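1. what shape does this take:
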Amino acid sequence: MSSQNHQDWRSRLVPPEEVWQRIRPGMRIFLSTGMAEPRTLVESLMAREDGNLQDLELFQVLSLGQAVSQEQLSLRKYRLKTFYSGWVASGAITSGRVDLIPSRFSTIPALIRSGMVAIDAAMIQITPPDEDGYCSLGIAVDVARKAMKQAPLVVGEINPFIPRTFGDTAVSVSDFDYLVESKKPPYYLDRWPVQPLFEELAANVASVIDDGSCTFFSVGSFYEALSLQLRDKRDLGVHSPFFTDALMDLVQSGAVTNRKKAICPGKSITSYAVGSAALYAWLDRNPLVEFQEMDKIWDPLQMGQNEKFIAAIPARKIDLSGRIAPLFGPGILATSPSDLVDMVNAAQVSRRGRTIFALPSRNRHGQSNIRLSIQDLPNLFTLWESVDMVATEYGVANLRGRTLRERAQALIDIAHPDFRSELVAQAKAENILYRDQIFIADSAHIYPEDVTTEHTFKNVHVRFRAIRPSDEEEMRRFFYRFSEQAVYYRYFTHVKVMPHSLVQEYVNVDYRQNISIVGLIGDPGHGRIIAEARYVKSKDGAFAEVAFFVDESYHGLGIASFMLKLLTGAARRRGIHGFTAYVLSSNQAMIKVFQKAGPIQVTLESGGLNLAVPFEAESSAMEQMAGNV
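-> Reported below is the predicted structural model:
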């Protein structure tokens, strides 16, 4: 390689034609990847008809199909070999015009370093050198440095429009045999629009991403929406192969500090920048982001050293067992099955890490994306034991540690309401669900989202929502934690067991008549039920009978009173005029809950109290209190 003084680099500039004179038929040429394709060199190559420019092998780690002409590939003057097709070049791979080298991204550097993938010439996009003669690899580090070391001929395309980035990006101008100047900007990628459906989907994913988590991003509507939903988080970390406009927004929001990361604390690390001119301008000399080689970025053991590493991945389909059909094509980068495995493995080895697959409940044709089976689809992610959570716009299903039956029920709960009844019938026919499984079809369409909230009681944070059929097992465990006295207070008889036949009636609620609210503690998606409150409408619909169940470990915190307020609000909105309750006279704790709620009417009946709480009387009392202030 040249050892000329860096200060005279302009005198070393040559036209592309001079570079091509050094090329011989059959040579293997590495090109900078993705948005960093050396446009001037490649466009010049595509336009030339020189006799020596025949049967060339062009190597790219990530081919997005911008500069390498599909027409030229059809003429078989050149052969493009890539480790990942992108969504433009994938058609050329299918038609046989492009060769795909199946590899995990984390292993590609070793293939080049070992010479198994040999390189005769490397053409790399770089920034202009600084006063010390060092250029930056800019928006793509990947394996550029290793390709430069292996290639006998190294050509630098100097582009003043790309950012000077930090990390493992500095290369000396003296490392290049030829320098070509580009007057063209790099390739840009427009931002993806965010539809309301993806806002709902991303909000559900964000609800199970804790403060201090570390994550990665790709491109597409899902990640654009996820960035918006994560802005209120704290101390997030970024260990991402791709740095996008959405990640830039997230960093600028203040949600990302990287202080909790084990790998490069205080810095977001990446290997590629993929996005707009605004992103590239923001990255220029930005010390918050470091670019590293892909064997460090993609290595699951490196990623997994970061606590709470979250692999949030868009999917196309899922079946009731948890098999995933990943999303390929526009809107996703570098998610071959092997690379998905690396991401998922990183989440699995990370302390408190998790894998979350996200998909709309229906496709664009109105068909369900949650199916009984997807075994007929290609490129499945079949490591169902590694699928921790699945999110749709209807909620999040926690699959970790659940049986196949429990998984199926949880996934049906987040399917589109139009398809839940069909999925239940299919699952029963295949013995995935119990043959006697109850399902109330109308309730799927009127699930009471209006009772969803959260509250902190003396440092105990509780999330509240309406009960779901998939709560069956957790409700059974909730029941068996109670003392005999607590069970008697609730059911007025000595109930010893709570089998499936009973508890499924409890969790399958007809929301036209009744409301049941559960209180959960713990991480979202992994919650433990500690309280349940419900009302059941009377025959005339004017009043409703109400009952509560609070874990004895959480008595005295005000949870029952809070849930009574939630039930009262829900009942009022549904035209109910008041509550009734039958309470044993010895159950003083529950009597106090009703006394705190406002004026009550009490009548004695066989060892117990019949309580009535008319909402109008409650309102009048409140108005009178306000008038006395």
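
2. for Pro38, what are its contacts?
-> Leu31, Ser32, Ala67, Met123, Ile124, Gln125, Val155, Glu157, Asn159, Val180, Ser182 (CB atoms under 8 Å, 6 or more residues apart in numbering). Heads up, the C-betas are built off the backbone N, CA and C, glycines and all.

3. skipping adjacent residues, who's closest to it in space?
-> Glu157 (3.8 Å; CB to CB, 6 or more residues apart in numbering).

4. parallel or antiparallel, which strands does the helix or strand that contains that neighbour pair with?
-> Using DSSP states H and E, Glu157 sits in strand 153-158. Partners of strand 153-158 in the sheet, by DSSP bridges, are strand 121-126 (parallel), strand 178-181 (parallel).

5. other SSEs contacting the helix or strand following the last one?
-> Taking DSSP H and E as the definition, the helix or strand that follows strand 178-181 towards the C-terminus is helix 196-206. Contacting helix 196-206 under the criterion 3 or more CB pairs under 8 Å, 6 or more residues apart in numbering; DSSP states H and E are the following elements: helix 221-229, strand 354-358, strand 389-392, strand 395-398.

6. follow-up on the earlier one: pLDDT of the strand holding Glu157, averaged?
-> Mean pLDDT, strand 153-158: 97.

7. so what's the gap between it and the chain middle?
-> Put simply, strand 153-158 sits 38 Å off its chain's centre (CA atoms, centre = their mean, to the nearest Å).

8. residues touching Ala441, list them.
-> Arg420, Ser421.

9. about what we covered before: nearest to Ile313, of the contacts of Pro38?
-> Ser32 (26.7 Å; CB to CB).

10. quick check: that closest one vs Ala147, distance?
-> 9 Å (CB to CB, to the nearest Å).

11. kindly report the same for Pro15.
-> Taking CB to CB, one finds Pro15 at 23 Å from Ala147.

12. the more surrounded of the two?
-> When neighbours are counted by other CB atoms under 10 Å, Pro15 and Ala147 differ, and Ala147 comes out ahead with 26 against 12.

13. so that one touches Ala122, yeah?
-> Yes: counting by CB atoms under 8 Å, Ala147 touches Ala122, with 4.3 Å between them.

14. give me the common contacts of these two.
-> Contacts common to Ala147 and Ala122, judged by CB under 8 Å, 6+ apart, are Phe30.

15. so where do the helices sit in the stretch 251-400 of the chain?
-> Remark: helices assigned in the stretch 251-400 of the chain by DSSP state H, counting those that start in this stretch are 277-283, 294-297, 300-304, 337-349.

16. any idea which of those is most buried?
-> helix 294-297 (a mean of 22; mean count of other CB atoms under 10 Å).

17. circling back to that earlier point, closest to Glu474 among the contacts of Pro38?
-> So of those, ranked by how close each gets to Glu474 (CB to CB), first place is Ser32, at 52.4 Å.

18. what's around that closest one, how many residues?
-> Neighbourhood size, Ser32 [other CB under 10 Å]: 32.

19. from Leu41, how far out is it?
-> 9 Å.

20. any shared contact partners between these two?
-> Common neighbours of Ser32 and Leu41 (CB under 8 Å, 6+ apart) are Met123, Glu157.

21. give me the buried positions along stretch 558-577.
-> When burial is assessed from 16 or more other CB atoms under 10 Å, stretch 558-577 yields the following buried residues: 559-560, 562-564, 566-568, 570-571, 574, 576-577.

22. then stretch 246-253?
-> Applying 16+ other CB under 10 Å to stretch 246-253 flags Ala246, Leu247, Met248, Asp249, Leu250, Val251 as buried.

23. hmm, who's touching stretch 339-351?
-> By CB under 8 Å, 6+ apart, stretch 339-351 touches 84, 104-106, 214, 216, 298-311, 313, 326, 353-355, 381, 383, 386, 388.

24. and it, how far from the chain's centre?
-> Centre-to-centre, stretch 339-351 and its host chain are 13 Å apart (CA atoms, centre = their mean).

25. for that stretch, what is the average pLDDT?
-> Here the average pLDDT along stretch 339-351 is 90.

26. offset the numbering so it begins at 8, please.
-> In the new count, where the first residue is 8, that last one comes out as stretch 346-358.

27. could you list the domains of the chain?
-> The chain breaks down by automatic domain parsing into domains covering 13-188, 203-444, 454-635.

28. can you redo those domains as CSV with distance to Asp197?
-> Putting the domains of the chain into CSV (distance: least, CB to CB, whole Å) gives the following:
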stretch, distance to Asp197
domain 13-188, 12
domain 203-444, 7
domain 454-635, 33
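
29. how about the strands of the stretch 8-157 of the chain, start to end?
-> 35-38, 63-67, 85-89, 105-107, 128-133, 141-143 (DSSP state E, counting those that start in this stretch).

30. pLDDT weak spots in the stretch 358-507 of the chain?
-> Across the stretch 358-507 of the chain, residues meeting the criterion (pLDDT under 70) sit at 490-504.

31. which stretches of it form strands?
-> According to DSSP E, counting those that start in this stretch, the strands that the stretch 358-507 of the chain contains are 361-365, 377-378, 396-399, 402-405, 460-464, 467-473.

32. turn the ones you listed into JSON lines, columns for mean neighbour count and distance to Gly227.
-> Formatted as JSON lines, these follow (neighbours: other CB atoms under 10 Å; distance: least, CB to CB, whole Å):
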{"stretch": "strand 361-365", "mean neighbour count": "26", "distance to Gly227": "11"}
{"stretch": "strand 377-378", "mean neighbour count": "24", "distance to Gly227": "20"}
{"stretch": "strand 396-399", "mean neighbour count": "26", "distance to Gly227": "15"}
{"stretch": "strand 402-405", "mean neighbour count": "23", "distance to Gly227": "20"}
{"stretch": "strand 460-464", "mean neighbour count": "13", "distance to Gly227": "30"}
{"stretch": "strand 467-473", "mean neighbour count": "18", "distance to Gly227": "29"}
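
33. just put those in a markdown table and tack on distance to Cys271.
-> A markdown table is the format used below for the strands of the stretch 358-507 of the chain (distance: least, CB to CB, whole Å):
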| stretch | distance to Cys271 |
| --- | --- |
| strand 361-365 | 22 |
| strand 377-378 | 38 |
| strand 396-399 | 27 |
| strand 402-405 | 30 |
| strand 460-464 | 34 |
| strand 467-473 | 31 |
